[in-house]
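Colleague: Predicted model and sequence follow; I will ask about them next.
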Amino acid sequence: MAKEGADMTEETEHMIDKNLGKEGDNVESSAHAKEMRAVMLAGFGGLNKLRVTKKTMPEPQEGEVKIRVKACGLNFLDLMVRQGTIDNPPKPPLVPGFECSGIVESVGENTKGFEIGDRVMAFVNYNAWAEVVCTPVDFVYKMPDEMTFPEAAAFSLNFVAAYMMLFEVANLREGMSVLVHSAGGGVGQAVAQLCSTVPSVTVFGIASCFKHVAIRDSVTHLFDRNTDYVQEVKKLSPEGVDIVLDCLCGENTGKGLGLLKPLGTYILYGASNMVTGETKSFFSFAKSWWQVEKVNPIKLYEENKVIAGFSLLNLLFKQGRCNLVKTVMEKLLTLYNQKKIKPVVDSLWALEEVKEAMQRIHDRGNIGKLILDVEKSPTPLLVELSEGLLSNWLFVQSHFAQL
Ligand SMILES: NC(=O)c1ccc[n+]([C@@H]2O[C@H](COP(=O)([O-])OP(=O)(O)OC[C@H]3O[C@@H](n4cnc5c(N)ncnc54)[C@H](OP(=O)(O)O)[C@@H]3O)[C@@H](O)[C@H]2O)c1
């Protein structure tokens, strides 16, 4: 890994597409040329499939908002897109990315609710990792004044997914218990914060042990991902838990179902176990599929258990539930304004550093969310803790210390 990291730093300089020329990271000059910088995925596979290139700037169609992007969210899902591990991916070359924040630059015909200059965050069905993005108005939300662009880019996907799973699917209420994998990650930290808005909720978090010092206060009980978490939970709560949030899949499906109390809900919302090496592994894919417990509805009936699946992107882009998501977003922004939740930003990266940023998720190094900062210049060394990030951590620590 260390060697890969060193190679990549060198490679970063070469990532900037030769066509980009000297003005490559000059936003104004690309705006004049009606061209923009974007991260391009040339084909499914390893990190070498990614590069920054110039693309024609999109113009908003009817019902769309054109956003001058400031920050983009980098999710575990983007790693799976790069590898080609997701179902029905679009054909590369493509610009990855599902969420961004920025400033409205123009709006298409018959587009109501937004004006030039509005600070917004948005979902995008691919194409988010670029200087300019156009997306339907239904996927765009105004940012609170106090929210920074990196925070906004870290907010939408993680908090909406966490909220909908906890409150729409599993009906989280006072006194319940929740088990969450990857507790230190983007969704994991959103789950922990949202659980803290409901009285007396017990959160069992699982994460790599080097993260425990940083996230210990955000959950009730924390286990190393390499321990036998089923036994650990049973020691503390012999009856099991009310809600299992499983983003790993494979053998964890059976373990999660086994841990449910009567009337408990298991939600599958990811398949991180399918990612092992830098490129798609058919062995991990098959292993994960094979290990998934084959569930018999009659057994669920006898045991009084609920099994569910959740995919926010499908809900938004395939199943047309943007109004429901808008309602959820309003509730989340109220919680944000009440200072009850705040996205945890792990680090900021220039577009040209996308490979290093992805490697950080791959190496399980992130605590909270990775952000591509469109205006950041590439720096060969890793990010320092900026003032903004520090304030995030102070919030997390003081917030959970009060509970
Ligand atoms: N269904 C939805 O709507 C939805 C929405 C957002 C995210 N998701 C899913 O939720 C999960 C978390 O997403 P996220 O974007 O917030 O990412 P994240 O949790 O920040 O992802 C990175 C973390 O995942 C853990 N991990 C588990 N298996 C891993 C593997 N094979 N390789 C590398 N890291 C692994 C690592 O933490 P530890 O080492 O501490 O475990 C790592 O630090 C992903 O499975 C994602 O696909 C689903």
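Modeller: Looks like it arrived, so ask away. Numbering: from 1, shown residues only.

Colleague: Need the per-residue pLDDT for residue 241.
Modeller: Looking at residue 241, its pLDDT is 98.

Colleague: Adjust the sequence numbering to begin at 510 for everything that follows.
Modeller: Sure, I'll start counting at 510 from here, so that last one is residue 750.

Colleague: ok, it touching residue 771?
Modeller: No: judged on Cβ atoms under 8 Å, residue 750 makes no contact with residue 771 at a distance of 11.5 Å. Bear in mind the C-beta positions are built from the backbone N, C-alpha and C, glycine included.

Colleague: of those two, who's got more company?
Modeller: Shown here are residue 750 and residue 771; by other Cβ atoms under 10 Å, residue 750 has more neighbours (25 against 10).

Colleague: Is the closest residue to that one other than its chain neighbours bridged to anything, and to what?
Modeller: Once flanking residues are discounted, residue 750 sits nearest to residue 686: 4.3 Å by Cβ to Cβ, 6 or more residues apart in numbering. With DSSP bridges applied, residue 686 shows beta-bridge pairing to residue 711.

Colleague: Does whichever strand or helix holds residue 661 reach the ligand?
Modeller: Using DSSP states H and E, residue 661 maps to helix 658-662. No: against the ligand, helix 658-662 shows no contacts by Cβ under 6 Å from any ligand atom, the least distance being 12.3 Å.

Colleague: And for stretch 742-753?
Modeller: No: Stretch 742-753 stays clear of the ligand (Cβ under 6 Å from any ligand atom), getting no nearer than 13.6 Å.

Colleague: Endpoint to endpoint, that stretch covers what distance?
Modeller: 12 Å (Cα to Cα, to the nearest Å).

Colleague: what comes up buried for it?
Modeller: 742, 746, 749-753 (16 or more other Cβ atoms under 10 Å).

Colleague: Same question for stretch 775-789.
Modeller: So for stretch 775-789, counting by 16+ other Cβ under 10 Å, buried means 775-784, 787-789.

Colleague: wait, does that stretch contact the ligand?
Modeller: Yes: for stretch 775-789 and the ligand, the contact criterion (Cβ under 6 Å from any ligand atom) is met by 778-779, 781-782, 784.

Colleague: For the ligand, give me its nearest residue in this structure.
Modeller: Proximity of the chain to the ligand (Cβ to the nearest ligand atom) peaks at residue 694, 1.8 Å away.

Colleague: Determine the number of other residues adjacent to the nearest residue to that residue once chain neighbours are set aside.
Modeller: Nearest residue to residue 694, sequence neighbours excluded (Cβ to Cβ, 6+ apart): residue 875, at 6.5 Å. The number of residues packed near residue 875 is 22, by other Cβ under 10 Å.

Colleague: Quote the end-to-end distance of stretch 794-811.
Modeller: 31 Å.

Colleague: And stretch 866-880, by the same measure?
Modeller: OK, stretch 866-880 end separation, Cα to Cα: 8 Å.

Colleague: Over to stretch 607-626?
Modeller: Start-to-end, stretch 607-626 (Cα to Cα) is 22 Å.

Colleague: anything in it near the ligand?
Modeller: No: Stretch 607-626 lies apart from the ligand when judged by Cβ under 6 Å from any ligand atom; the minimum separation is 8.9 Å.

Colleague: Now do the buried residues in that stretch.
Modeller: 607-617, 620, 623.

Colleague: swap in stretch 553-572?
Modeller: Quick answer for stretch 553-572 (16+ other Cβ under 10 Å): 553-554, 556, 558-564, 566-567, 569.

Colleague: Next one: that stretch, is it in contact with the ligand?
Modeller: No: using Cβ under 6 Å from any ligand atom, stretch 553-572 never reaches the ligand; the gap is at least 14.0 Å.

Colleague: Setting aside sequence neighbours, what's the nearest residue to the residue most central in space within the chain?
Modeller: What sits nearest the mean C-alpha location of the chain, by Cα atoms, centre = their mean, is residue 584, with 3.8 Å. Leaving aside its sequence neighbours, residue 584 sits nearest to residue 666 (Cβ to Cβ, 6+ apart; 6.0 Å).

Colleague: now the helices: where do they sit in the stretch 510-659 of the chain?
Modeller: 511-524, 536-541, 585-592, 658-662 (DSSP state H, counting those that start in this stretch).

Colleague: What residues of stretch 840-847 count as buried?
Modeller: 841-842, 844-845.

Colleague: what residue ranges in this protein are flagged as low confidence?
Modeller: Scanning the chain for pLDDT under 70 picks out the ranges 510-542, 792, 889-912.

Colleague: What residues does it have near the ligand?
Modeller: So the chain meets the ligand at 584-586, 666-667, 670, 691, 693-697, 716-717, 720, 734, 756-757, 778-779, 781-782, 784, 819-821, 870-871, 873, 875 (Cβ under 6 Å from any ligand atom).
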